[in-house]
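Participant: Next one to model:
(2 chains)
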Amino acid sequence: MEVLNGLGQGFSVALQPMNLLWCLVGCFLGTIVGILPGLGPAATIALLLPLTYGMDPTGGIIMLCGIYFGAKYGGSTTSILLNIPGEASSVVTCLDGYQMARNGRAGAALGISAIASFIAGTFGIVALTVMAPPIATFALRFSSPEYFALMVLGLSLVVVLGGSSLIKALLALLVGLWLTSIGTDLFTSQSRFTFGSSFLISGIDFMIVAIGVFAIAGVMESIQAGEENTPLPVPSSLRELLPSMEELKACRFAFANGSIVGFLVGVLPGAGSSIASFIAYGIEKSVSKHPEKFGTGVPEGVAAPEGANNADSGGALVPLLTLGIPGGGTTAILLSALVLWGVKPGPLMMIESPQVFWGLVASLYIGNIVLLVLNLPLVPVFAQILRIPLYVLFPIIFGLSLVGAYSVSDNIMNLALLAGFGLVGYVMAKFNFPTAPLILGFVLGDAMERAVRQSLTMSQGDPTILVERPISAVMLGFAALILMAPPLMAALRRRRLAVPH
Amino acid sequence: MQRRHLLTTGAALGLGASLPARAQGGWVPTRPIEIVAHNGPGSGPDVFARAVAAALEAEHLAPVRLQIANRVGGGGATAMNYIIDKRGDPHVLGVWTSLWMSLPLVQAEARALTTDMTAITRIAIEPALIVTRAESPHRTMEDFINAAKARPGGLRQSGGSPTARDNLVRQLLMAKTGARWSFISFPGGGERISAVLGGHVDIMIAEPSEAGEQVRAGRMRVLAQVTSARLPGFPDTPTLTEAGFAITDVVQARGLVAPPAIPAEAVAFYQNMFQRMAESATWKKYLDDNQFQGAWLSAADTATFFIEYQATLRGILQEAGVRVVR
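Facilitator: Next up is the predicted model:
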């Protein structure tokens, strides 16, 4: 009842014309920020923050949250169309999204991405509305051993993500783990693998690796294969530009999977949305009836990660709004924005500033609808981009990649790194090494290393801390199952073949 | 009151040096001033740089435009190198934090030393609180120290990097009391607080803005204040010295520097400008909103502060077993 009262009050705030306008402005800006690679929601919110000083706090936070949600929606656009991840959270979407576009299903991929974002985003907000306090308390039980187990579970997905050769997938994973260790070690303040250059002290940004390995390497491969003169198939009728019934049906499980995984991972302050989308993709592939088709353009391979990274936003707001704890860069800036407006984010915010809390939650519901309405009509428009001949499109992809990598930290050295990773991705493709495990290792390696070292410091060197806690034990058990599955299946198959003799 | 006194003394010195220079038609900026922040938009140094620019503009203290330049990379080294490379250019300023002193000490790749730059001013100190969760058995700092003595290494503190203030204070407290507890590094403030609230670690050293709301909601308790005098928001909690643990004050401070070898007239101009800013209502409101303390120092005193702070830091880090490279 209390929730319904609060929400009712919230909608009366959020539906005021000015607040509705701010919501629209935020969603629109967010979508654009999402589409532009390199420029992220955190930086955008920080730059726009001074403009909102004079605003009423409710209107201000509604607009900023619109940017946050909008960026997650828009991030998939360039992933699908150009193989350039627009945001760190849309990297996984490249795997199947770009392949769908190459198969002439760009419109379908964009549509599915928008629908998955809407469903999972709404799920995240509903979960935030009805169970924020208990789930925040649950998240506090997660400590370093649990994070370690979560990262191991994530890494075990290499078995699923790798292509035909497990050895090659593991090698790629190890390279990813190594790359993520470059930079300053948090525990000793010493630098690792920087080769005496101050440029590498803060490590390599994830976006540079992802754009290099996906976009740059992809273009080089296509050019070598002489594809630049063959146009991509783009259907002309509007009906074929939208997802078909069969495609939507194939995504039924992915919608639920993305929603739940994204929300749960989002609630944890130590895990980002790229981890959520990777895990959702891995689960989707491991339960699929046709896992071998993943990576060739299956709709559920777009729906699961896109859903997860949108449900993640709702999850990330749980510790922020109930406890005043920011989980990541964007929520940290939202927190400082609240402070500037004189709202005190913390355990008492729901009680002391109910109009801000409920107004924000209600505006998220509205924002999600706005984003769907804003994004769906754009699908046919964006799909037309692929009508541009490839010999024109490829230089555009190169240009956007350069801009994206440069703007990550405004440093010209980023471009050298981008070129390097483009080459790495190209060579890997030539030798049939899958690139997804490299990205997986890069995303999870840092967090896993931290978690294991934190755990061992806590236990004064006793490794049993990693397995003796129930949550971590269960997750490690799942990881072991996933790792054991392929050899077991192979053994079973051999026995079955042996029986007729 | 001590601080107020220091401020007036500094003010007198500053005015003596700068006002005549201006009156005699000394140096004034002729093109926009670039203020360098070592991290991206939204980060601590960036927000601080923008607050400085906003205060200068609101108080009409700068005759030219101010631009914030985010020179990100190298954990701060990119921005520091940039300042060093701009030798003699009086139209560039950098926002320094305690990190600018610690980074070159521990990382061979970071070659620029803050002590080689032209000190301009120190304008804010960030106080800190030692907090524990409400359910914790430790009710005072003494409880915690005694428990740590009973179980050497068994108690835990969450914090950031080993060169950050939270570890420096821990090292000093351990050296003073003989107690030992472990230090667990987390990259983000949210994770550090979660570790305390979840009961996975015993204490953390938090900024008042981070922990204040948790304390007000009854979820956290303050054991001691890492400040020279009690903060207005926490009148009933003792400072470390009052609690019986007097240690060297490792302040976390912020201010501005200029490239090496800029004209003395330019130093005088900036000193005057920032002193007037530090006294303005706009700046005082910013400090209050963020629970910072005003701590204006003249250019000469800031230079001394750099040297002393670096020396203290080197001593603590060496004692803590961190490899110091210069």
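Participant: ok, the closest residue to residue A:387 other than its chain neighbours - contacts?
Facilitator: Leaving aside its sequence neighbours, residue A:387 sits nearest to residue A:234 (C-beta to C-beta, 6 or more residues apart in numbering or on different chains; 5.3 Å). Any C-beta I mention is one placed from the backbone N, CA and C, and that applies to glycine too. Taking C-beta atoms under 8 Å, 6 or more residues apart in numbering or on different chains as the criterion, residue A:234 is in contact with A:104, A:106, A:383, A:384, A:386, A:387.
Participant: where's the third one, which helix or strand?
Facilitator: In this structure, residue A:383 sits in helix A:378-383 according to DSSP states H and E.
Participant: then the helix or strand just after that helix to CSV, C-alphas only?
Facilitator: Under the assignment DSSP H and E, the closest C-terminal helix or strand after helix A:378-383 is helix A:390-409. Presented in CSV, the C-alpha positions along helix A:390-409 are these (Å, rounded to 0.1, in the frame of the first residue of the first chain):
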residue,chain,number,x,y,z
LEU,A,390,30.7,-0.2,-48.0
TYR,A,391,33.6,1.7,-49.6
VAL,A,392,32.2,4.8,-48.1
LEU,A,393,31.0,3.2,-44.9
PHE,A,394,34.3,1.7,-44.0
PRO,A,395,36.2,5.0,-43.8
ILE,A,396,33.3,6.4,-41.7
ILE,A,397,33.7,3.4,-39.3
PHE,A,398,37.4,4.2,-39.1
GLY,A,399,36.8,7.9,-38.5
LEU,A,400,34.2,7.2,-35.7
SER,A,401,36.5,4.7,-34.1
LEU,A,402,39.3,7.2,-34.0
VAL,A,403,37.1,9.9,-32.5
GLY,A,404,35.7,7.4,-30.0
ALA,A,405,39.1,6.2,-28.8
TYR,A,406,40.6,9.7,-28.7
SER,A,407,37.7,11.1,-26.6
VAL,A,408,38.0,8.3,-24.0
SER,A,409,40.8,10.4,-22.3
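Participant: Now do stretch A:462-478: everything it contacts.
Facilitator: A:141-143, A:145-146, A:148-150, A:152-153, A:156, A:452, A:455-456, A:458-459.
Participant: Please enumerate the helices of the stretch 1-150 of chain A.
Facilitator: For the stretch 1-150 of chain A, applying DSSP state H, counting those that start in this stretch gives helices covering A:2-14, A:17-35, A:41-48, A:57-82, A:91-102, A:106-140, A:144-156.
Participant: wait, chain B
Facilitator: With DSSP state H as the criterion, chain B has helices at B:2-23, B:44-58, B:77-85, B:99-106, B:141-150, B:165-177, B:189-197, B:208-216, B:264-279, B:281-289, B:299-320.
Participant: nearest to residue A:174, of these?
Facilitator: helix B:189-197 (26.4 Å; C-beta to C-beta).
Participant: by contact count, what packs against the closest one?
Facilitator: Packing partners of helix B:189-197 (3 or more C-beta pairs under 8 Å, 6 or more residues apart in numbering or on different chains; DSSP states H and E): helix A:106-140, helix A:300-323, helix A:329-340, strand B:128-133, strand B:156-159, strand B:203-206, helix B:208-216.
Participant: mean confidence score for that helix?
Facilitator: Averaged across helix B:189-197, pLDDT comes to 91.
Participant: coming back round to it: can you name the two of the contacts of residue A:234 that are farthest apart?
Facilitator: A:104 and A:384 (12.8 Å).
Participant: okay, now the residue in the stretch 151-300 of chain B that chain A sits nearest to: neighbour count?
Facilitator: Here the stretch 151-300 of chain B gets closest to chain A at one residue, residue B:213, 2.6 Å apart by C-beta to the nearest C-beta. Other residues near residue B:213 come to 21 when the count uses other C-beta atoms under 10 Å in any protein chain shown.
Participant: and the closest residue to it other than its chain neighbours, which of the three is it?
Facilitator: The shortest distance from residue B:213 to any residue other than its chain neighbours is 2.6 Å, reached at residue A:346 (C-beta to C-beta, 6+ apart). For residue A:346, the assignment made with DSSP: H, G, I helix; E, B strand; the rest coil gives coil.
Participant: Tell me how many other residues surround residue A:346.
Facilitator: The burial count for residue A:346: 26, using other C-beta under 10 Å.
Participant: Tell me the confidence at it?
Facilitator: We have a pLDDT of 85 for residue A:346.
Participant: So for residue A:202, which of the helices of chain B sits nearest?
Facilitator: Closest to residue A:202 of the helices of chain B, according to C-beta to C-beta: helix B:77-85, at 8.4 Å.
Participant: any low-confidence regions in the stretch 101-250 of chain B?
Facilitator: Of all residues in the stretch 101-250 of chain B, none has pLDDT under 70.
Participant: got it, and chain A?
Facilitator: Applying pLDDT under 70 to chain A picks out residues A:1, A:497-501.
Participant: Quick test: name the residue nearest the centre of it.
Facilitator: residue A:89 (2.3 Å; C-alpha atoms, centre = their mean).
Participant: how close does that residue get to residue A:75?
Facilitator: Taking C-beta to C-beta, to the nearest Å as the measure, residue A:89 falls 6 Å from residue A:75.
Participant: who touches both of these two?
Facilitator: residue A:309.
Participant: which secondary structure elements does the strand or helix carrying residue A:356 contact?
Facilitator: According to DSSP H and E, residue A:356 maps onto helix A:354-375. Using 3+ C-beta pairs under 8 Å, 6+ apart, the elements in contact with helix A:354-375 are helix A:2-14, helix A:17-35, helix A:57-82, helix A:106-140, helix A:300-323, helix A:349-352.
Participant: Return the list of helices and strands in contact with the first one.
Facilitator: It stands for helix A:2-14. helix A:17-35, helix A:106-140, helix A:354-375.
Participant: what about 7 Å?
Facilitator: helix A:106-140, helix A:354-375 (3 or more C-beta pairs under 7 Å, 6 or more residues apart in numbering or on different chains; DSSP states H and E).
Participant: Could you do the last one as well?
Facilitator: When contacts are defined as 3+ C-beta pairs under 7 Å, 6+ apart, helix A:349-352 packs onto no helix or strand at all.
Participant: Show me which positions of that helix end up buried.
Facilitator: If you call a residue buried by 16 or more other C-beta atoms under 10 Å in any protein chain shown, then helix A:349-352 has these buried ones: A:349, A:350.
Participant: what does it contact?
Facilitator: A:321, A:322, A:324, A:343, A:344, A:357 (C-beta atoms under 7 Å, 6 or more residues apart in numbering or on different chains).
Participant: chain center to that helix: distance?
Facilitator: 30 Å (C-alpha atoms, centre = their mean, to the nearest Å).
Participant: Dump the C-alpha coordinates for that helix into CSV.
Facilitator: Output in CSV follows, covering the C-alpha atoms of helix A:349-352 (Å, rounded to 0.1, in the frame of the first residue of the first chain):
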residue,chain,number,x,y,z
MET,A,349,16.3,9.9,1.8
MET,A,350,13.1,7.9,1.2
ILE,A,351,11.7,9.3,4.5
GLU,A,352,13.0,12.9,4.3
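Participant: rewinding a little: who's more crowded, residue A:104 and residue A:384?
Facilitator: residue A:104 (17 against 13).
Participant: isn't that one right next to residue A:231, touching?
Facilitator: No - counting by C-beta atoms under 7 Å, residue A:104 stays clear of residue A:231, with 10.3 Å between them.
Participant: Near chain B, which residues of the stretch 351-500 of chain A? Just list them.
Facilitator: Counting by C-beta under 7 Å from any C-beta of the partner chain, the residues of the stretch 351-500 of chain A close to chain B are A:409, A:410, A:411, A:454, A:457, A:458, A:460.
Participant: What about those residues, which one has the most neighbours?
Facilitator: Of all those, the highest neighbour tally under other C-beta under 10 Å goes to residue A:454, namely 29 neighbours.
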